[in-house]
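J.: Based on what follows, work out the 3D shape:
(2 chains)
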Amino acid sequence: MINKNKMTPYIMVSPYIIHFLAFIAFPVIFSFILMFHRWNIISPMQYIGLGNFDHLFQDRLFFKAILNTIIFLVIHIPLQIIVALFFAEMLNQKLKLRGFYRAAFFLPVVVSGVVVTYMWQQLYGYDTGVLNRLLVWLGLGKVGWLLDPKVAMPSIAIMATWKNVGLYIVLFLVGLQSVPQQYYEAADLEGASHWQKFRHITLPMINPTFFMVVVLSTIGGFSLFIEPYIMTDGGPLNSTLSAVLYIYREGFFFYHMGYATTLGFFFALLILAVVVIQRKFVEREI
Amino acid sequence: MKKLNCFPGLVKYQNFYFLLIFLLNFYSCHNKQLSSNNQILYWSSNNTYEIEFSRAVVKEWNRLNPDQRVKFQPVPEGQSSEEVILAAVVGKTTPDIYSNMWQGDVEAYADAGVLVALDTLPGFLEFLNLRCDSQTIAEVTSRDGHIYQIPWKINPIMLISNVNMMKKIGFVTPPVTYSEFLKAGESFKKDIDGDGYVDQWVGYSEVMVRWWQRFFDFYPLYLAASHGAPLVRNNKILFDNIFAVNVFKFLQILYERNYFSKERLSARQDVFLSGVIATRFTGPWEIMHAENFKPEGFEYEFSPVPVPDEFKGEPYTYCDPKNIVIFNTCKDPKIAWEFLKMLTTKEKDLLFLEMTNQLPRRQNIAEDPFFENYFNRNPKMLPFARQAKFVKGTDTSPVLKEIFDIISQEYEACVVYSKKSPEQAIADAAKAARLIVY
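T.: Got it, this is the predicted structure:
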């Protein structure tokens, strides 16, 4: 007979086990199976071997979506790091209303992404947007923030930076405050300039934070979805079509579940590869 | 050492709790919607007026048929009713009857075998022949030769015009041809605030590339120009023709010359009622909206969408059809069919029209004296009723959405951004579409 007390731990962990099996293990296994099938949800699955992979490597739009995502990252990550580090440095000084500024910078982070997106859509409006009105008032021409294929993705990157920078300011601030003051005092005695102190003390000392910010920004950037979904629907001319938006479209507009899963799997591998490379590169360089 | 037992009750009844957790999990996953006492479950659209209509009909049915009761509820809330229905099909929680099925979705559901072939029910074909003309019947016949839907309601897409503004630019009647429309575009275009940029346009159509947007610009214009020609039939792509090219050319000029705005105006205050645009392609739902929100003295009228200059005859348009289906989860399709016969009688169609201001898809509705009184009281609906003779729904293809997505991609490249010639864009769209039809 099983000792009743032996069952207790199993009962206690059963909620997690059930959750794990239902929402992690099963979807992963099912997705793996789906990659080799065609399935529109309502009809039975049809085995197609490597057909989805074959389609993937011929799908120009998907590779354009990946390229768009990389363009977004190339603008967004450096911009986010520079802005966040700059403001973190500022907020690390003895400022009046420092608490207020810290809260103000963090505010966009806690505002819903949908709300922020709609707000920026109004700012970016071609005819009635505040930015273009300002440009016209200054005697400059209007910019097609979301209408010009060359400008639309940078516009979204600026908006995403504004939305997320508060979080990275806080992270950098924590990193900056953990740098021992003695190093700066020693550097002052040696006559180091402000830039030298920043380059040779601050940056190496906040390296773990720096790495974390780069990785978080990269993963966050790769999952770009809400902004183009609401503002541009991937346009103009697919210039803001992100990889996740494309996968979503394939899955939930056209119900190509097998293909969407294959895209998702390929994209996850890509993110993994980028993060691994980043880890080696960033940790060595700084 | 004494064992610490923080939850003595748990240990005592652990088998019971264990069983309870599993039963709860099992039950929560098993959400099959059972119609109690074998009632027929009927879902309508969740439009307020349609809910009232459906409730009234169900009440009458239940009074007359206490042994064969129908339970009514509007389709549950979701991002779209299409998504809710799909989820219900997957979860096998479909209602017995659903009366808001977009015609373009029916073929995929029929292919999946989740719908009842209505033509197998006694008296269905006689009923359909009385209700609809042969063209409509052909349109709703699936590729396997069966009919899975009752054509029920339509909202034809027409051109709404601001009467006073059009008069100011010399149009006593709305523009009929492409040339007239372009002339109106040139006359109406204006820089109101003097900043050097146009801020008043003759019309507007959503520029987003989402596939269904083309049902409100390209597709009605294509149907009008081509006398209702199909885009796809029997797995053959047929839109690679002069009509499609001319529609792209016409729309391309509208954007090139800035007669239509490229900016998304839908996020602003209603641009038609506020006079920013003078026309738009829309359906009868616009009447209730305009009557509720129009400024004083604002006048509007409906007319067919523009046609090529050399066009002769009556222009067709897209009618956004929503039909009635019976899912194969229905235990007694014959009772469901009896209920549907009552739901679609002439009297109920009139009641539907009165309560919802949506047109039943019934032949000769504009000429039928039975409906005359309604149209006398609601003259704005009369153009839609007249147009109803010349409407088309969607072609029968399980990859219709994908075809519209392809057209939409080319539409953006050619019409909105002039990156391609209309001939090239239509040829490219047809080529891509031919790869996916089956």
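J.: Poorly predicted segments of the chain, please.
T.: Defaulting to chain A. Regions of chain A meeting the criterion pLDDT under 70 cover residues A:1-4, A:282-286.
J.: actually it's chain B I care about, not the one you picked
T.: Chain B contains residues with pLDDT under 70 at B:1-19, B:21-37, B:267.
J.: let's see 50
T.: By pLDDT under 50, the low-scoring segments of chain B are B:1-3, B:30-35.
J.: where do the strands sit along it?
T.: For chain B, the strands defined by DSSP state E cover B:40-44, B:70-74, B:97-102, B:150-154, B:158-162, B:232-233, B:236-237, B:279-282, B:300-303, B:317-318, B:322-326, B:359-360, B:391-392.
J.: Out of the ones you listed, which one sits most buried?
T.: strand B:317-318 (a mean of 28; mean count of other Cβ atoms under 10 Å in any protein chain shown). Heads up, the C-betas are built off the backbone N, CA and C, glycines and all.
J.: What pairs with that strand, parallel or antiparallel?
T.: strand B:391-392 (parallel) (DSSP bridges).
J.: what does the strand it pairs with contact?
T.: B:Glu139, B:Ile154, B:Pro156, B:Leu223, B:Gly228, B:Tyr316, B:Thr317, B:Tyr318, B:Cys319 (Cβ atoms under 8 Å, 6 or more residues apart in numbering or on different chains).
J.: Kindly report the same for stretch B:86-98.
T.: Stretch B:86-98 is contacted from outside by A:41-42, A:255, B:31-33, B:35, B:40-43, B:73, B:75, B:78, B:85, B:109, B:112, B:114, B:324-327, B:329-331, B:333, B:336, B:339-340, using Cβ under 8 Å, 6+ apart.
J.: Near chain B, which residues of chain A? Just list them.
T.: For chain A, the residues found near chain B under the criterion Cβ under 8 Å from any Cβ of the partner chain are A:4-5, A:7-8, A:11, A:14-15, A:18, A:40-43, A:118, A:121-122, A:125-128, A:136, A:142, A:144, A:146-147, A:149, A:232-238, A:252-255.
J.: among those residues, which ones are buried?
T.: A:7-8, A:11, A:14, A:40-43, A:121, A:125-127, A:142, A:144, A:146-147, A:232-238, A:254-255 (16 or more other Cβ atoms under 10 Å in any protein chain shown).
J.: Please identify the residues of the stretch 51-200 of chain B in proximity to chain A?
T.: Taking Cβ under 8 Å from any Cβ, the part of the stretch 51-200 of chain B that reaches chain A is made up of B:83, B:86, B:89-90, B:108-109, B:111-112, B:114, B:195-197, B:199.
J.: run the last query once more with 6 Å
T.: B:Val89, B:Val90, B:Ala112, B:Asp195, B:Asp199 (Cβ under 6 Å from any Cβ of the partner chain).
J.: Tell me the spacing between the last one and B:Leu182.
T.: To tie it back to what came earlier, the one meant is B:Asp199. Distance, B:Asp199 to B:Leu182, using Cβ to Cβ, to the nearest Å: 19 Å.
J.: what's the answer for the first one, then?
T.: For B:Val89, the distance to B:Leu182 (Cβ to Cβ) stands at 46 Å.
J.: center of chain B - which residue?
T.: B:Asp320 (3.4 Å; Cα atoms, centre = their mean).
J.: OK, contacts around the closest residue to it other than its chain neighbours?
T.: Distances taken as Cβ to Cβ, 6 or more residues apart in numbering or on different chains place B:Asn155 nearest to B:Asp320, at 4.5 Å, with adjacent residues excluded. Neighbouring residues of B:Asn155 by Cβ atoms under 6 Å, 6 or more residues apart in numbering or on different chains: B:Gly283, B:Pro284, B:Asp320.
J.: can you map out the strands along chain A?
T.: Listed in chain order, the strands of chain A (DSSP E) span A:37-38, A:46-47.
J.: Need the winner for burial among these.
T.: By mean count of other Cβ under 10 Å, these have strand A:37-38 as the most buried, with a mean of 18.
J.: May I have the strands that pair with that one, each with its orientation?
T.: Strand A:37-38 pairs in its sheet with strand A:46-47 (antiparallel), by DSSP bridges.
J.: which outside residues touch the strand it pairs with?
T.: In this structure, residues lying in contact with strand A:46-47 by Cβ under 6 Å, 6+ apart are A:His37, A:Arg38.
J.: Outline the domain layout of chain B.
T.: B:36-155+B:321-384, B:158-318+B:399-434 (automatic domain parsing).
J.: any chance of those domains in CSV, plus distance to A:Ile219?
T.: Output for those, formatted as CSV (distance: least, Cβ to Cβ, whole Å):
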stretch, distance to A:Ile219
domain B:36-155+B:321-384, 26
domain B:158-318+B:399-434, 27
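J.: Grab the longest helix from chain A for me.
T.: helix A:60-91 (DSSP state H).
J.: Please name every helix or strand in contact with it.
T.: helix A:149-177, helix A:207-222, helix A:243-248 (3 or more Cβ pairs under 6 Å, 6 or more residues apart in numbering or on different chains; DSSP states H and E).
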